[in-house]
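> No sequence on hand, only this structure:
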């Protein structure tokens, strides 16, 4: 499912934060890598030195790791998001790896612009990289060691599981299955109000075992494949709990479906997923719920 990676670049240093991740994923899964740059028209196109330089750099670094992969580059013309998605269609790409920042900083590649349009199209799994790796990259790799997988108990929400499983197997990473029991609406009295300790304790007593049983069911299938899997249940607001846990426990990747229990209103861009993308600084792997599994 990671056989072909499409990597949009825009000529900036900011957009190149994706490259360490692309190199590691490509090395782990013997992926074909297609680098693309989009210009509005042929008149606005620059020379190919930027793309050629990145291609040579990646090939050299991969060869040092003993990986001899296919890396190509393409110059596209037209509206960026549309051109990128058409290129993904043409090349039957399995994953688009994109930076949340680029040439125009927060105005061009940030959520709300090109990367956002690619995500909203929901045609392909997308790996969104928010920033450069904070630690030096080991000689043998190791950018992805812990993967947080938020699940909400729904079939659409579980679309992410085979993608996270494959990533964990490739990187020998730990999977953390995560479920948030959200505050019951009947106890909500307005902004700033939280559950009393007594109500929260009673709610946790009854809801947590159900949530844990669900995670154990998902984990059982993964543990049979010799994966390291742990389970965590929290009570609170989904996006906040996901971001807090990811930050406090040094998660390297958040992997989740774009839809969940409440359908398009809950997990789709604009709610929980949207807040994780905007507020968090972790790489996020997003898989549309229309994807049924490995392809």
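Thanks, I have the structure now. Predicted, not measured: the structure shown is a model, and the values here were computed from it. Numbering: from 1, shown residues only.
> Do you have the strands of this structure handy? List them.
Using DSSP state E, the strands of the chain run over 4-9, 32-39, 71-77, 95-99, 126-129, 146-150, 174-182, 229-236, 253-257, 284-287.
> same for the second one, what does it pack against?
Looking back up the chat, that one is strand 32-39. With contacts taken as 3 or more C-beta pairs under 8 Å, 6 or more residues apart in numbering; DSSP states H and E, strand 32-39 sits against strand 4-9, helix 19-29, helix 49-64, strand 71-77, helix 80-90. (C-beta placed from N, C-alpha, C; glycine too.)
> looking at these, which is buried most?
strand 4-9 (a mean of 24; mean count of other C-beta atoms under 10 Å).
> just checking, what packs against that one?
Counting by 3+ C-beta pairs under 8 Å, 6+ apart, strand 4-9 packs on helix 19-29, strand 32-39, helix 49-64, helix 80-90, strand 95-99.
> Run the angle between the first one and strand 71-77 for me.
An angle of 130 degrees separates the directions of helix 19-29 and strand 71-77 when computed by axes from the mean of the first three to the mean of the last three C-alpha atoms, to 10 degrees.
> State the mean pLDDT of helix 19-29.
Averaging pLDDT along helix 19-29 gives 92.
> If you count contacts, what does it end up packed against?
So helix 19-29, by 3+ C-beta pairs under 8 Å, 6+ apart, packs with strand 4-9, strand 32-39, helix 49-64, strand 95-99, strand 126-129, helix 161-171.
> so how far is that helix from its chain's centroid?
14 Å (C-alpha atoms, centre = their mean, to the nearest Å).
> so that helix versus helix 161-171, what angle?
Going by the same axes, to 10 degrees, helix 19-29 makes 90 degrees with helix 161-171.
> just so I know, which of the strands of the chain lies nearest residue 163?
Proximity to residue 163 (C-beta to C-beta) singles out strand 284-287 among the strands of the chain, at 5.2 Å.
> Quick one: list the elements packing against the closest one.
So strand 284-287, by 3+ C-beta pairs under 8 Å, 6+ apart, packs with strand 126-129, helix 161-171, strand 253-257, helix 272-279.
> Pull the residues that contact the second one.
Contacts made with helix 161-171 from outside it, assessed by C-beta atoms under 8 Å, 6 or more residues apart in numbering, are listed as 1-2, 24-25, 28-29, 125, 141-145, 147, 149, 151, 173-175, 218, 222, 225, 227-228, 253, 255, 285, 287, 291, 293-294.
> are any of those residues buried, and which?
1-2, 24-25, 28-29, 125, 141-144, 147, 149, 151, 173-175, 218, 222, 227, 253, 255, 285, 287, 291 (16 or more other C-beta atoms under 10 Å).
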